[in-house]
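[1] Got a predicted model here, sequence first, then my questions.
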Amino acid sequence: MENTKHKSSGYIFGCTNKSEKECLERMLFATNKVYADKILKVKKGDTLFLYNLDSDKLYGVFRAKSAGRKDIVPDAWNGRYPYQVEVEKEGKIKSIMDAKKVLSKLGIDWRHSLDESKIVLLQNYLKHPVDLKTIRLTAKVSGMRKGGLPNSSFEEDKPALEATTLWDYPRQSYGNTPKGDNKYAGVTPAFIIYNLVRRYTEPGDLVVDPMAGSGTTMDVCREEGRRCIAYDIAPVRPDVIQNDARNIPLPDESVDMIFVDSPYGDNIRYNDHPADIGKISAESEEFYEELEKVIGECHRILKKGKVLGWLIGDQWVRKRFTPVGFKVYRRLCNYFETVDIICVARRNQTSNTGIWYSRALRFNFYLRGFKYLFIMRKSAGETLKYSSRKSKWGEYSRDRKNHMN
């Protein structure tokens, strides 16, 4: 009979000064939905460590007493960290101070899974701390034995989550499998959908893309364990359903997230369908009236409190600028509350050439350098209560003497 014993993996879970005590008292490690996939990978018997980001202190060794899953203890941390794993001590718990420096010298990124060699390195250091020079040598030899750089083949090629409102992606897709078709006109960067899906949905949630194009949203959702329904008025692949986004065939409040990468006007020929909104000029009010029908349908099918992401760019054609983004945003605000506005750098477009840069300078106009990503939320129906609050702002001294010193 084939041996199906689980091969142990290692994980480092983060905590803060506020959450450390509850982690150790409950013997429960946890995270929020943004990092849910890390918890869901944990199997019973895996080796675990706890890293306090505030004190820069790492504790170990722990063993996973259960597989990672949602809501093992629903009221832990007041429900802020629902993805959890039960743990138990493996002998006496020891700690490492200045953990960030030690992990770096060992070639370990605490956010990534640990292969067998990294688990052994960390376990040995906890038992017998040595100087950092010895750590560097040990890590180098271990890497040579395993035939590669730390975590190089063990980790999935997943992009980092964005933490600012400026997103810039050098390529359209990521990982070993393509997301969408990078030859498709106006193809959506897969990184955008990845960030939205990870931040605003949970595994098993339903995501809808009413203007799916080459199917980037569907490919990202499939890899991230989300359900997806993709529509397009002129589908280019069989798993995208033919449908006009102005009439989405789904029940009211049945969807957990919506992503829309709509036409920016009639500057790109998407298809030959006569009803395509992309055949209407963005200089006309008709264009925005038709997009508002899509917005209304999105509002109808989206659950209360859930999020819509809408990607849109402005237009400069025939010496005339049209603020398409502002016009669409104004209509979105008739239906949704604003979560945030992201600036997404535009790359791989036809105007990214030397001749177009030269023309922009010679004829005194600007090439489109970014798109807007409007992140909007459907109201949960609650009346917002605002209370007065005081904020502490950093201030620079206006004293001339201080500036001269």
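    Happy to help now that I have it. Keep in mind that this is a model prediction, so the values were computed, not measured.

[2] can you map out the strands along the stretch 151-300 of the chain?
    166-167, 206-209, 227-232, 241-242, 255-261 (DSSP state E, counting those that start in this stretch).

[3] Dump those to TSV, plus mean neighbour count.
    Placement of C-beta: from N, CA and C, glycine included. Output for the strands of the stretch 151-300 of the chain, formatted as TSV (neighbours: other CB atoms under 10 Å):
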stretch	mean neighbour count
strand 166-167	14
strand 206-209	24
strand 227-232	22
strand 241-242	12
strand 255-261	25
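
[4] Compute the first-to-last residue distance for stretch 108-128.
    Counting by CA to CA, to the nearest Å, you get 18 Å between the two ends of stretch 108-128.

[5] Looks like Glu224 contacts Tyr194 (just checking).
    Yes - contact criterion CB atoms under 8 Å: Glu224 and Tyr194 qualify, at 7.2 Å.

[6] With neighbour numbers in mind, choose between those two.
    The residue with more neighbours, out of Glu224 and Tyr194, is Tyr194; 25 against 19, by other CB atoms under 10 Å.

[7] got the contact list for the more buried one?
    Contacts of Tyr194 were listed using CB atoms under 8 Å, 6 or more residues apart in numbering, and they are 158-159, 174, 220, 224.

[8] Then Gly68?
    Contacts of Gly68 by CB under 8 Å, 6+ apart are 38-43, 83-85.

[9] Could you do Asn243 as well?
    Contacts of Asn243 (CB under 8 Å, 6+ apart): 210, 231-233, 249.

[10] cool, and Asp37?
    Per CB under 8 Å, 6+ apart, neighbours of Asp37: 203, 224-225.

[11] Check the secondary structure at it for me.
    Secondary structure, DSSP: H, G, I helix; E, B strand; the rest coil: Asp37 is helix.

[12] Same check on Ser95?
    Secondary structure state of Ser95, per three-state DSSP, is strand.

[13] Can you give me the buried ones in the host helix or strand of Tyr125?
    Per DSSP states H and E: Tyr125 is located in helix 116-127. For helix 116-127, a neighbour-count test (16 or more other CB atoms under 10 Å) marks 117-119, 121-123, 125-126 as buried.

[14] Equivalent analysis for stretch 365-381, please.
    Applying 16+ other CB under 10 Å to stretch 365-381 flags 370-378 as buried.

[15] farthest-separated two in these?
    Phe370 and Lys378 (26.0 Å; CB to CB).

[16] what sits against the nearest residue to His273 once chain neighbours are set aside?
    Nearest residue to His273, sequence neighbours excluded (CB to CB, 6 or more residues apart in numbering): Ala234, at 4.5 Å. Contact partners of Ala234, counting by CB under 8 Å, 6+ apart, are 242, 270-273, 276.

[17] Which among those count as buried?
    For the contacts of Ala234, buried by 16+ other CB under 10 Å: 270, 276.

[18] Need the contacts of Ala234 in JSON lines (columns: pLDDT and distance to Phe287).
    Compiled in JSON lines, these are given as follows (pLDDT from 0 to 100; distance: CB to CB, whole Å):
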{"residue": "Gln242", "pLDDT": "96", "distance to Phe287": "22"}
{"residue": "Tyr270", "pLDDT": "75", "distance to Phe287": "14"}
{"residue": "Asn271", "pLDDT": "77", "distance to Phe287": "17"}
{"residue": "Asp272", "pLDDT": "77", "distance to Phe287": "19"}
{"residue": "His273", "pLDDT": "86", "distance to Phe287": "16"}
{"residue": "Asp276", "pLDDT": "86", "distance to Phe287": "12"}
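
[19] Show me which helix runs longest in the protein.
    For the chain, the helix that runs over the most residues, judged by DSSP state H, is helix 285-301.

[20] can you list contacts of that helix?
    Residues from elsewhere that reach helix 285-301, judged by CB under 8 Å, 6+ apart: 208, 210-211, 245-248, 250-255, 258, 260, 262, 265, 277, 280-281, 308, 327-328, 331-332, 334-336, 378.
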